[in-house]
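Visitor: Structural data only, the sequence is not supplied:
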C-alpha cells in the first residue's frame, strides 16, 4: 500500500483435523478473514505452504485451485452472496452443475439440501423474496452442494437478529455433528463459544490456540 507493506498474516502455523470445530476471534483488521481466505484457497500466501489433504496449494494451477474450492470447501459469508436472478433451488443447484454433476443427481441433492435447511417450501423464491435468515440457510445449502470436507464461515450471523442467528448457529452445529470440519470467524462470543477449539488473533498472528 502507499503507506508501506502490510503483513496480513505472520508466523501462522495451524493444523485442522478432520471433523474439527474451530472458532476464530480477534479485533477488526487482525487477519481473521485473510486466514479464512488462505484456508479456503482463495488467497495463496506470499511465503510458506498450505497443505490440503496432503496437496500443496502453492504448486496447484489456478484451475486446480478452483476445482479444489468447488469440490472440497464450502463457504458461508456474512452477506450471503446469492445470485439475485436465481431461485433458492437454482442457487443450490448451480455449483453442482459447475462440478459436472448429472441433472438427476443434482435435482435429488438440491431437494435433500433444501429439506435439510428447512426451506423446501421456499425453493422457487428468489433472494429478494426471502428473509435474511432464509437467505443464509440457502447459502448454507449451496455451501454443502458438492459435499465438501471443510466448511468456512465468515461472520455467518452478522446480518441477522439474535433469534435467527441462533437458528443458523444451531444448523452449523448440526453439520459438525454430522462429521464436517468447520471454521467460523466471528465477533460474537456466543457463536465462538460453540466451537470446540478457539483461536485468538492479533496483528496477523495467532496469539492463543485453545483446546
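Guide: Looks like it came in fine. These numbers were taken from a predicted model, which means no experiment stands behind them.
Visitor: rest of the way, CA atoms for contacts and neighbours
Guide: Noted.
Visitor: Could you list the buried residues of the helix or strand containing residue 174?
Guide: According to DSSP states H and E, residue 174 maps onto helix 162-177. By neighbour count on 16 or more other Cα atoms under 10 Å, the buried set for helix 162-177 is 164-166, 168-169, 171-173, 175-176.
Visitor: Pull the most distant pair out of those residues.
Guide: Among those, the pair separated by the greatest distance (Cα to Cα) is 164 and 176, at 18.9 Å.
Visitor: hmm, who's touching stretch 37-51?
Guide: 34, 56-58, 65, 68-69, 73, 75, 152 (Cα atoms under 8 Å, 6 or more residues apart in numbering).
Visitor: Kindly write the PyMOL command that selects the buried subset of the residues you listed.
Guide: Buried residues among the contacts of stretch 37-51 (16+ other Cα under 10 Å), as a PyMOL selection:
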select buried, resi 34+57+58+65+68+69+73+75+152
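Visitor: Residue 22: which of the contacts of stretch 37-51 is nearest?
Guide: So of these, ranked by how close each gets to residue 22 (Cα to Cα), first place is residue 152, at 9.7 Å.
Visitor: quick one: which helix or strand includes that closest one?
Guide: strand 150-154.
Visitor: Also compute the angle for that strand relative to helix 162-177, please.
Guide: With axes from the mean of the first three to the mean of the last three Cα atoms, to 10 degrees applied, the angle from strand 150-154 to helix 162-177 works out at 160 degrees.
Visitor: Pairing partners for strand 150-154, with directions?
Guide: strand 73-77 (parallel), strand 181-185 (parallel) (DSSP bridges).
Visitor: counting contacts, what elements does the worst-scoring helix or strand of the chain on mean pLDDT pack onto?
Guide: Every helix and strand in the chain was compared by mean pLDDT, DSSP states H and E; the lowest is strand 205-209, with a mean of 87. Using 3 or more Cα pairs under 8 Å, 6 or more residues apart in numbering; DSSP states H and E, the elements in contact with strand 205-209 are strand 197-202.
Visitor: quick one: contacts of the strand it packs on?
Guide: 20-27, 30-32, 192, 206-211.
Visitor: And the buried ones among these, selectable in PyMOL?
Guide: Selecting only the buried entries of those in PyMOL, with 16+ other Cα under 10 Å as the criterion:
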select buried, resi 20+21+22+23+24+25+26+30+31+32+192+206
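Visitor: In strands, which of the contacts of strand 197-202 fall?
Guide: Counted as lying in strands by DSSP state E, out of the contacts of strand 197-202, are 21-25, 206-209.
Visitor: how about the residues you listed, which pair is most distant?
Guide: 21 and 207 (18.3 Å).
Visitor: Look at residue 149 and say how many residues are nearby.
Guide: Look at residue 149: counted by other Cα atoms under 10 Å, it has 17 neighbours.
Visitor: Do you know the pLDDT at the residue nearest to it when sequence neighbours are not counted?
Guide: Nearest residue to residue 149, sequence neighbours excluded (Cα to Cα, 6 or more residues apart in numbering): residue 72, at 5.3 Å. Note on residue 72: pLDDT of 95.
Visitor: was I right about residue 72 contacting residue 144?
Guide: No. With contact defined as Cα atoms under 8 Å, residue 72 does not count as touching residue 144 (9.6 Å).
Visitor: Which one's more surrounded, these two?
Guide: A side-by-side neighbour count of residue 72 and residue 144, using other Cα under 10 Å, places residue 144 first with 26 against 18.
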